[in-house]
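Q: quick one, what's the 3D model for this:
(2 chains)
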Amino acid sequence: MTEITIIGAGVSGLCVARGLTDRGASVTVVDRDAELGPRSCSWWAGGMLAPFCEGTNADPLVVRLGLEAADWWAANTQATCRCGSLVLSPTRDRAELAHFAGRTQGYVKVNGTQIATLEPDLADRFESGLYFEAEAHLAPRAALAQLRAGLMRDGAQFLQEDADPNDYAQRGITVDCRGLQARDTHKDLRGVKGEMLVLSCPEVTLNRPVRMLHPRVPLYIVPRGNGIFMLGATMIESSSAAHISVRSVLELLSAAYALNPAFGEAQVLEIGVDCRPAFPDNLPRIRRDGNLISSNGLFRHGFLLAPAMARMVTSLIYDGITPEVMDETPA
Amino acid sequence: MRDFYGTTLDCMLMLGTAQYPSPHVLADAFKRSAASVATVSLRRESGRDRAGQDFWHLIRDLGVHLLPNTAGCHTVKEAVTTAHMAREVFNTKWIKLEVIGEEDTLQPDVFGLVEAARILSEDGFQVFPYTTEDLVVADKLLHAGCEVLMPWGAPIGSGLGLNNLFGLRTMRAHFPDITLVIDAGLGLPSHAAQAMELGFDAVLLNTAVAKAGDPAAMALAFATAIQAGHLAAAAGPMCPRDMATPSTPVIGKAFLK
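A: Numbers count the residues shown, from 1 in each chain, chains lettered A, B, ... in the order given. Down below sits the predicted model:
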């Protein structure tokens, strides 16, 4: 049985662990934290599996690889909801909706009546929108907990250690899935700050993620069930995940209030800040140096791209197939 | 060739660096268009502990002139603080000065702008003020120490083009020796060509390129249009007239029934 070490127990590392375990590997997952927590990007993820929507400003590769995600998460966890996603804009910003429609596929246009049928709590608030029926979302923390539990059941070991992947690579195949922590070896990796809020608002029910387009403050809101919502997310070229700014809080909350004024009565449960790991083209890369394979740069697409990245890492190790995101000449 | 505080530019296109799909796409846009100046906005939160430096390194690697800006500042104090931070981070005296006065149109607070321009000029900055086409404000900015003025075409990010042709034409005529750059509001290359045909010295834009389906191709389209407009202005455009004038004389032609 091949013994493989994975460094990093965020979404990227756990998906790789799942893929390798399914091929019969004996997997050890090493992370600096004992459990998934706020030091991991995955903790703060939106959990939207929305490849078509991402196409509005992401490379077609992200859309294509992201199409694998919903099936994978539905097969490996019980945390996935396949209810589509809805894109709306205030009447004044209809140009944004037309722009979004022009840049994406996989939607049907919906009018006010259809929006009210899909999301009764948004009735009479929006005249037009786009409905992406094939998209899905999940609860990231639940999904990763289930993934971890499943791996442990199947014999995977979990170790708490702030490990240097090179040490492990001297002993056998090692997959570095540390995200931004891997900047020590990936000099071209940068952080893109994201800020999000978790609200409790039992008065509002949403069945699916809603994106509200706005020329200045685009917002998405993902229902987590039981009146809990995640609001996100800013994108700031900064590697500091220290604090959320007042401006970001104002912008996120104003946008939620514009979506439905009932959010004015919501309680703020959590404020999250973290940095997404990104390469200069914002596309993911797999690199290999002998025993050491790294999978990184998932940017804002962690849950969306991790299954495809895991598939490619697995077939690189087991079948010798060069991944299409292989970076042969790392900077 | 017009002078920007002692620097001449090979290409009269200045590009903003926000809102691109990725830094890689941004770099492509600069490469294809040969844009000579990159404006970069400094959020004070990123400047304080230099948390934005990964991105700034990528901008520096473009190898073009850097024009940091005070985007999003609403008061003189904010703008001056941001300018100082930018000078330290980017090691340049150039500063694109924005003092926003109205939230909906993002139009400049011209009173605060003149005051901030004076403070910064006295402090050794070379100020590129984002202003309106107002001649009185322009004059006060020049007295405050500015040698370059950047009147708006239309509100930031609106893509409406040149909203006040009369005002811009008058401004050009009024300040024939001052370097004037159209900043903000352009949506199409034809808008940029028009600005250059009016005799402006450069064009600064961001959204029209960054939000295009193919930013690099759009940047090239703008650069080409700017060159066409610049050539046209130098070539001496004809004056429009109300009456048709045949380009081929009819006198002497055989009459055909």
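Q: residues near A:G225, how many?
A: Per other C-beta atoms under 10 Å in any protein chain shown, the neighbour tally for A:G225 reads 10. For every residue, glycine as well, the C-beta is placed using N, CA and C.
Q: same deal with B:L188?
A: By other C-beta under 10 Å, neighbour count at B:L188 equals 16.
Q: wait, it touches B:A208, no?
A: Yes - here B:L188 reaches B:A208: they are 7.0 Å apart, a contact under C-beta atoms under 8 Å.
Q: what's the overlap in contacts for those two?
A: Residues touching both B:L188 and B:A208 by C-beta atoms under 8 Å, 6 or more residues apart in numbering or on different chains: B:G159.
Q: list the residues that contact A:L144.
A: A:G10, A:V11, A:L14, A:L36, A:S42.
Q: same check on B:N163?
A: Applying C-beta under 8 Å, 6+ apart to B:N163 gives the contacts B:W152, B:G153, B:A154, B:G185.
Q: quick check: phi and psi on it?
A: With angles defined as degrees, to the nearest 10, B:N163 sits at phi -80, psi -30.
Q: list the buried residues in stretch A:40-54.
A: For stretch A:40-54, burial by neighbour count (16 or more other C-beta atoms under 10 Å in any protein chain shown) applies to A:40-54.
Q: and the end-to-end length of it?
A: In stretch A:40-54, first residue to last residue: 22 Å (C-alpha to C-alpha, to the nearest Å).
Q: now stretch A:212-224
A: Per C-alpha to C-alpha, stretch A:212-224 runs 17 Å from first to last residue.
Q: quickly check: that stretch near chain B or not.
A: Yes - Stretch A:212-224 reaches chain B (C-beta under 8 Å from any C-beta of the partner chain) through A:P215, A:R216.
Q: hmm, which two among the buried residues of stretch A:40-54 are most spread apart?
A: Pairwise distances across the buried residues of stretch A:40-54 peak at 26.8 Å for A:S40 and A:F52 (criterion: C-beta to C-beta).
Q: what's downstream of the host helix or strand of A:Q114, the next helix or strand?
A: In this structure, A:Q114 is located in helix A:112-118 according to DSSP states H and E. Counting by DSSP H and E, the element after helix A:112-118 in chain order, helix or strand, is strand A:128-132.
Q: before we move on, the earlier item: which of the contacts of A:L144 lies closest to A:P261?
A: Among the contacts of A:L144, and counting by C-beta to C-beta, the member closest to A:P261 is A:S42, at 32.0 Å.
Q: show me what contacts the closest one?
A: Counting by C-beta under 8 Å, 6+ apart, A:S42 touches A:G10, A:V11, A:S12, A:L36, A:P140, A:L144, A:G302, A:F303.
Q: pLDDT weak spots in the stretch 1-150 of chain B?
A: For the stretch 1-150 of chain B, residues meeting the criterion pLDDT under 70 lie at B:1, B:44-50.
Q: which residues of it fall in strands?
A: Here the stretch 1-150 of chain B has its strands, by DSSP state E, counting those that start in this stretch, at B:3-4, B:7-8, B:13-16, B:37-41, B:65-69, B:94-97, B:126-131, B:148-151.
Q: need the residues of the stretch 151-300 of chain A near chain B, please.
A: When proximity is defined by C-beta under 8 Å from any C-beta, the stretch 151-300 of chain A lies next to chain B at A:190-191, A:193, A:215-216, A:236-240, A:242, A:245, A:278, A:280-283.
Q: if we go to 10 Å?
A: Proximity of the stretch 151-300 of chain A to chain B is confined to A:183, A:187-193, A:215-216, A:235-248, A:275, A:278-283, A:299 under the rule C-beta under 10 Å from any C-beta of the partner chain.
Q: among the residues you listed, which are located in helices?
A: Counting by DSSP state H, these place A:V246, A:R247, A:S248 in helices.
Q: top of the contacts of B:N163 by neighbour count?
A: Neighbour counts for the contacts of B:N163, by other C-beta under 10 Å, peak at B:G153, which reaches 29 neighbours.
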